[in-house]
Structure formats: structure tokens, C-alpha cells
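**Student:** Sequence first, then the predicted structure, then my questions.
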Number of protein chains: 2
Amino acid sequence: MAEYARIEETGKPKVVIIGGGFAGLELVKSLSNANVQVILIDKQNYHTFQPLMYQVATAGIEADSIIHPFRKIFGSQQNFYFRLAEVERIKPELKVVETSIGLIRYDYLVIATGATTNYFGDEQMADKAIAMKSVEDAITLRNTILGNFEKALQIDDQAQLNSLMDYVIVGGGATGVELAGALCELRNHVFPKDYPELDFKSMDIHLIQSGGELLKGMSAEASQKSLQFLQELGVDVILHRRVKSYDGYTVTLDNGDTLITRTLIWAAGVTGNPVNGLKPESILRGNRLLVDEHNRVAGYDQIFAIGDIAAMVTPENPQGHPMLAQPAMQQGTLLGKNLVKLAQGQPLEPFVYHDQGAMATIGRNKAVADLILFKKGMKTQGFLAWLIWMFIHLVSIVGFRNRLVVMMNWCWSYFTYDSGNRLIIGRKQENAPLAETLQRKTVL
Amino acid sequence: MAEYARIEETGKPKVVIIGGGFAGLELVKSLSNANVQVILIDKQNYHTFQPLMYQVATAGIEADSIIHPFRKIFGSQQNFYFRLAEVERIKPELKVVETSIGLIRYDYLVIATGATTNYFGDEQMADKAIAMKSVEDAITLRNTILGNFEKALQIDDQAQLNSLMDYVIVGGGATGVELAGALCELRNHVFPKDYPELDFKSMDIHLIQSGGELLKGMSAEASQKSLQFLQELGVDVILHRRVKSYDGYTVTLDNGDTLITRTLIWAAGVTGNPVNGLKPESILRGNRLLVDEHNRVAGYDQIFAIGDIAAMVTPENPQGHPMLAQPAMQQGTLLGKNLVKLAQGQPLEPFVYHDQGAMATIGRNKAVADLILFKKGMKTQGFLAWLIWMFIHLVSIVGFRNRLVVMMNWCWSYFTYDSGNRLIIGRKQENAPLAETLQRKTVL
């Protein structure tokens, strides 16, 4: 029999939230004045502002600017308790969560564990590719890119050189498009200054998208314009193709074509990140949890799910809502209100998604935006979209101080064509060893 | 026979510099217009501004603000070549350096490898203590401190609790004093807000100094006032004591007294960091290289040493110059000029150390400074010294952008009593397992 984790007994109903992503964060905020005990469990002590992760990966901003300690965000919220722990399983029959620091009791449990990279069962891909789901992934990618160039300096062989200097990005969603654009900007403006001994004209950036359009889910205009922007920057966009395999060196496409790279970035899919202990019938395809219009998990009274992990299946949304920050935040906010109502025995309010649009930035002065303002659509691409993108992301970042640091970095980069953090510190993806004859020269 | 590393052949004399600390950096700068090929070898791709490392360790500023990629610093210097590599040995008879990326030829070799932590042969200490010689050490310390509090939340037993919340710093030099002060400021102002469930009145910070004075090498006034400042903040300063052993839990002093902590920070000594391949007679006690007044290593014509690794033994400096940034930078600058003279067959200029004084900051508004301005000494302690310390460190940090970020962080901390980066990301010192009965609860 496992012991209980130590958490102050306040005598108030315990709302236990697993995961401090966008959904969990908004739920905690929404409960700030509620007469409950809010217990947030996360395996990190910080929230990650995922939309800017690609800028960390491309040395544009400090990792520290997009991650925010929970204790700092909620330090003044009296009913807030944080526990750094890994969740092992839920025991709904006992109303406890089994964690690495002991059992934690709940009255209401909210699963906000988000999504994780989906390699569709390809273990070799999972091993060799770099994902983009955590800030540690982003730092790994940054270190790998910079390490590749240092290694490239020692290479004669053209094929080996290309394998270090070329990049393949799989997945033409926002992450893939933004990464491809940012890498191209670096290639065009920054890397040649840092590595005058390398020829960056031979650096290729390939973006592979299984369907016929980029930024699926956005408007046709956004999709077409993002393709045009990427091609103008010099990205090789390959549509209607899937990656069949990747061994750390050769990428094989479904038509048999091959590309050579030591750095494949996998941004091609995500899958829900459920916790153990729930009935199988609550879990849908894609590992998402089936929830009702109040975000209550099917088959449970006291268990809720919000954000990417929750699939609120309705006639209008047969797949659930898109796995994006907006529905996650809106669900978090509403669930906070509903939990208060539940405690007071009042009827709950059903969730209605207010889509405010979507946007992606491709490079300097180049972005696409489909906005929905006062229920009216507005589509724009180019400089104006880029300004809107910057403004929205700046105001969304948690904390005044981080906003200032990020803004400073952006202004600096914009006027100097010189982005900030080209540091190799921390983890690096270990490249497959180079061909025998070249190997000795390239150990870093 | 090992291969040569690939580096462009410019036909100019090759000045190979091992190490990009303060000395190496100034030497590269000093050679910016010289008709030579400057090749800097370092195992990191960045320079570390060591004086502010303690602020990274205590979550005051971003690690990225105090480290600067060499390629960015010297991107516009035409004769500059950087190689990320580990040096294995020097072969003076062949005038080559054997490195992890191959052999590198030199005409003039400059050893600027600095110093490393000296555990005086105590392997258990080396294993259990946290050092403060690299930015990775600093990040490890930051993660360990924050991780300790998260663990402490799960502990009943008072001795175990103290082991996680108390800190022992060994060494009363600038690093030890500044760390102790910064930790106390955090205990007094920041941690209680982040961890309202913990009682920080029971958090002890011990600073152990073998001699009778702190900041040895500074004035008696600075030493006394720093002791007073630390005691006012609440540091337990233990003078005239050495640490006999540390097993990861119990610190035993030379008089048999014991202290309990899971976090011992070792700032008690450094030793030179020489490279293989030099004659034993060139290496002095403390692993420093004996150099003449032109920083030429004893017994060699084309090999020089600058900075902490160099011991320029003179009647006035029987131990060589202090292992500090100032002599290192001055030696780097002068050697640059002398190498140009050497190539032109002109007589060399002997090194004369211009001591500009020393300073240390203990906390908010509390610093000590012994300045030497226009050959006149000036001693000040308190608020003015603190302002001077801030000003000098800000202007010394490489790069306008980093200066802004650091200044912003300082202003923010000063007015809000809330320092920035309380993130657990990256490496953490693994604590010894807690006593059997408590262990299960405290796995993070």
C-alpha cells in the first residue's frame, strides 16, 4: 500500500489537475477565487509557451523566455498547490492519483496531459528524428544544427557534407512551416557570417507534406501564400509525399525518392498522452479521451479532460476540436466556472468553441493570418499579418519581464539580421557516425 | 599517423590559441589587425563571463546572457578561425597540436586553458560536491536547489528536511561570498513566496573558510565588511575551519564538528589546467606553467601561456599573478602586440601588471570594492560599492544585447524582489538517496 504525498489539508474540495499546458494553466487561473484546493501536478516545474518553441530551436530567443515556473506564475494564488511529480496511474474507484511522490486524493480530477509526438509506430524514426514537442527538444535541435556546422568544417566528401548541412522537415503544419522559414532566414542572413568557411548556397531545406496543401485547417489563401513565401525564401517544398523510412542518414519517400540528411525534424503528427487507469472505452482513436459538452470524461462523474487530450465529439466536430492552444484555453476557463457551479449544485454551462482564427509566420515580414473578429473573417498575408502575429504572441507570453526579453530579441534580430543564441549548451542529438574514413576527423 | 584538421591555408603565420576565456579572448582581439592567421580552439563554442556565474546558479539571470558564441564575437574579424575541438596533446617537436578533429599546425602556440576546480585529491568530494567553474555547473546548482525544495515538501523527518534545505559553501573567496549572499537574498525574499508550505526560517547557509578572513587578497576593510554583511543577511560564517570529508550527507570539519546537507558547493580552490606534451620542468606546483616576462613558457621558443594557467614568477610575485580576470586580459592584450613584434623581429615588451583593484557583491545594496584609480587606492563598502560593481560588470559583459538583458533582470529583481529564472531544466546533481523509510516519497 503506497503512502500519501504530503499536501496541506485545507478541508476544501480538492481539484487535482494533471498537466500545466495552456488548458491546465487557464483552469488554475479560472479557479483563483474558488473555494477549492487547486493541486497542479506536472513533471516539469514550468509552463512552456509552445508557439515560440521553433524560435528557441533556431537560436532566435532564449529558452528561458518561453518557459515560466508555475510557482512564480501562481505564487500569489492562495488556493494553489504545485507538485513536481510523474503520474503513474489513476485509481478512480479510490479517487486517488498514484504519483512518483505518493498518492494524491481528489474530489475532481482534471486530465490536461496534452499530446505527444506521433511516430505512427516507426521506432527507427522515433530514435533518429528530432521532435518538437518540448523546450528540451528545441534546445537539442539548436545544438544539433550548430554542432553540424562545426563538424562540416572538417569534411571533404560532398555527400557527407550535404548530410550535415541539409535539413528535412516532415509535416507542413504550423510547426513545420515556421521552422522551415526560420531555418531559411538563418541560412540567408546569419550562418554565412558565422561560418565564412562553409558554402551555404549548398544548404538545402526540404519540407515534406503528405497532402497537397500547407497549414491544413487554414484558408486556401493562407496555404497558397505560405507555399509562395517558403519558395521565395528557398525552401524545397515537397507536396503529396510521405516519408517511408529514415535511418539517420537516408530519407526514403513513398515514391522511392531519397534525400540525405543527418537531421530530420519530425513535425508530422501528435497523439493524445493519456494516463493509465481509465476504462478503454473512454479512449478514442488517437489516444484522446471522449468528453461530453462539460469536458467530463465518458463513464466518470468526477473526472474531466481538457485541451489536446480531450475529444469533444459533436455532429459539427466529429473528430473533436482542433488540438490547438485556443480550444484548450477556452475549455480550461469554462471548466473552472463549471467546477464552482458543480460544487454549488448549479447547472453547468456547455462548451462552445469561439474560433478566433489561426496564423503562422514564415519569415521576416512574412506571415499568414486568418482572423475571426466580431464573428467576421479577415484574411491577410505578408507584412500586416506578420505585425499581428508578433503582437498576439507578445501579449500571450506569460509575464511582463519575458515579454520584454522576447521583444528585445525580435527588435535586435530585425534590425541587425543577427539572431541571439547560437550556443551549443546541453543536449545534442548524436549523429550516426560518419563513413569510416571521415569518422576520426569529426568527433567533437 | 593522424590526419590534419581542415583549416584554410592563408600562408600567414599561424597563431593557435587553446582556450577562449578572458585571456584568449583579449589575445584574439589584440590580433585583429595583425598579419597572422588566428586559430582559436575551444571545447565549447562560447566564451563564459565567469564573474556572473553565481547569478545563474541562484536563478538571477539567464545562462544565455553570460555566454557568448565565439563566432558571433569575432564574426567580422577576417583573420579569425574557430575550431570546436578537444586538445589531446601538444607535439612541440613537430609544431602541431593533436586534437579531436585532427592535427593543427602552429607557428606560435598560446596556451590559455585556465584553471579547474581543485579538490586536492579528494575523490569523494569531487563526486559529491557541486563546483562553480562552468556555466553547466551553475545550471546544475540552480536545478539542484530548486529540486531540493520540491523534494523537501514531501519530508516529515526534521534531519532529512534540513539536509535538503541547508547549504554548505566551502571557500570564502569571491565566488563563495557572492554565492552565500545571493542564496541568503533568495531565502529572505524569493523562496518563501514560491514555497509557502516550507519554513525558510529553518534554512541555514554555512560558509566555511580555512583562514581567518574572507576575500583574501582584498583589504582588511573589505574582508571585515563582507563578513558583517553576510552575518547581517543571516549567513553562518565559519572561519579557521577546513572540511575533512563529505559523503553527500554529512560534512565533517577538521575539528570533528559536523553539518548536514545534500548540497555542498565547492569554491575552495583551483588548479591549472595544463595540456599534455610539455616538459615536466615547465609545470609548477598548482599545475601552472612557468613563463617569462613575455609569457613565453620556460624551455620553449614558440609556446606561450597567458591567464590563470601562466605563472610569471618574479621577486614581487613569487607565486605568479593572482588567478583573476584582470591579469589574464592584460596578458592577452600584451601578447597580441608582442607576437606582431616577434614576427617583425622587434624587441618584445615585458608584462607589467596594472592592478585596478577587486570587488565582490554580497547582496542588495551591499558590496565591497578596493579600487585603484590613477595609481591611488580607494576603498568603499556598501551602496556605492554595489553601484560601482554593477556598472563595471555591465560594461564588461560582451555584447550590447546581453548587457541589456542582464540590466533588465537586475532592475526587475531590484524593484520587485523577484528574480527571474527559477527553472529546473537540464542537469541536476543526484542527491544521495534519502533514508529508507522516506525514500519512496521523494523520487522526483
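**Tutor:** Looks like it came in fine.
**Student:** Helix or strand: which one has residue A:41?
**Tutor:** Counting by DSSP states H and E, the element that carries residue A:41 is strand A:37-42.
**Student:** which residues are in contact with that strand?
**Tutor:** For strand A:37-42, contacts defined as C-beta atoms under 8 Å, 6 or more residues apart in numbering or on different chains pick out A:7, A:10, A:12-20, A:24, A:28, A:31, A:70, A:74, A:77, A:79-85, A:87, A:97, A:99, A:104, A:106. Quick note: C-beta positions are derived from backbone N, CA and C, even for glycine.
**Student:** Those: which ones sit near chain B?
**Tutor:** Checking these against chain B by C-beta under 8 Å from any C-beta of the partner chain, the ones in range are A:81, A:83, A:84, A:85.
**Student:** In strands only, show me these.
**Tutor:** Secondary structure from DSSP state E places A:81, A:83, A:84 of these in strands.
**Student:** mind putting these in JSON lines, pLDDT included?
**Tutor:** Listed next are these as JSON lines, based on pLDDT from 0 to 100:
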{"residue": "A:81", "pLDDT": "97"}
{"residue": "A:83", "pLDDT": "96"}
{"residue": "A:84", "pLDDT": "95"}
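**Student:** rewinding a little: could you point out which element follows the strand holding residue A:41?
**Tutor:** strand A:46-48.
**Student:** Can you name the element that comes right after that next one?
**Tutor:** helix A:53-57.
**Student:** Just the mean pLDDT for that next one, thanks.
**Tutor:** Averaging pLDDT along helix A:53-57 yields 88.
**Student:** all strands of the stretch 201-350 of chain A, in order?
**Tutor:** A:205-208, A:236-238, A:243-246, A:250-253, A:258-260, A:264-266, A:270-272, A:289-290, A:303-305, A:310-311 (DSSP state E, counting those that start in this stretch).
**Student:** quick one: buried residues of the fourth one?
**Tutor:** Applying a neighbour-count criterion of 16 or more other C-beta atoms under 10 Å in any protein chain shown, one finds A:251, A:253 buried in strand A:250-253.
**Student:** One more: the fifth one?
**Tutor:** Applying a neighbour-count criterion of 16+ other C-beta under 10 Å, one finds A:259, A:260 buried in strand A:258-260.
**Student:** same deal with the second one?
**Tutor:** With burial defined by 16+ other C-beta under 10 Å, the residues of strand A:236-238 counted as buried are A:237, A:238.
**Student:** Need the residues that contact that strand.
**Tutor:** Outside strand A:236-238, the residues that touch it by C-beta under 8 Å, 6+ apart are A:172, A:180, A:204-209, A:214, A:227, A:230-231, A:253.
**Student:** Give me the pLDDT for residue A:424.
**Tutor:** Residue A:424 is given a pLDDT of 66.
**Student:** I meant residue A:131, not that one.
**Tutor:** The model reports residue A:131 with a pLDDT of 93.
**Student:** tell me the phi and psi of the residue nearest to it when sequence neighbours are not counted?
**Tutor:** Using C-beta to C-beta, 6 or more residues apart in numbering or on different chains and skipping the chain neighbours, the partner closest in space to residue A:131 is residue A:117 (4.1 Å). Here is the backbone geometry of residue A:117 (degrees, to the nearest 10): phi -60, psi 140.
**Student:** Can you verify my assumption that residue A:117 contacts residue A:133?
**Tutor:** Yes. Counting by C-beta atoms under 8 Å, residue A:133 is a contact partner of residue A:117 at 5.0 Å.
**Student:** Overlap of the contact sets of the two?
**Tutor:** Common neighbours of residue A:117 and residue A:133, using C-beta under 8 Å, 6+ apart, are residue A:270.
**Student:** Quick check: nearest residue in space to residue A:186, chain neighbours excluded?
**Tutor:** residue A:58 (5.9 Å).
**Student:** Same check on residue A:300?
**Tutor:** Excluding the flanking residues, the one nearest residue A:300 by C-beta to C-beta, 6+ apart is residue A:92, at 6.1 Å.
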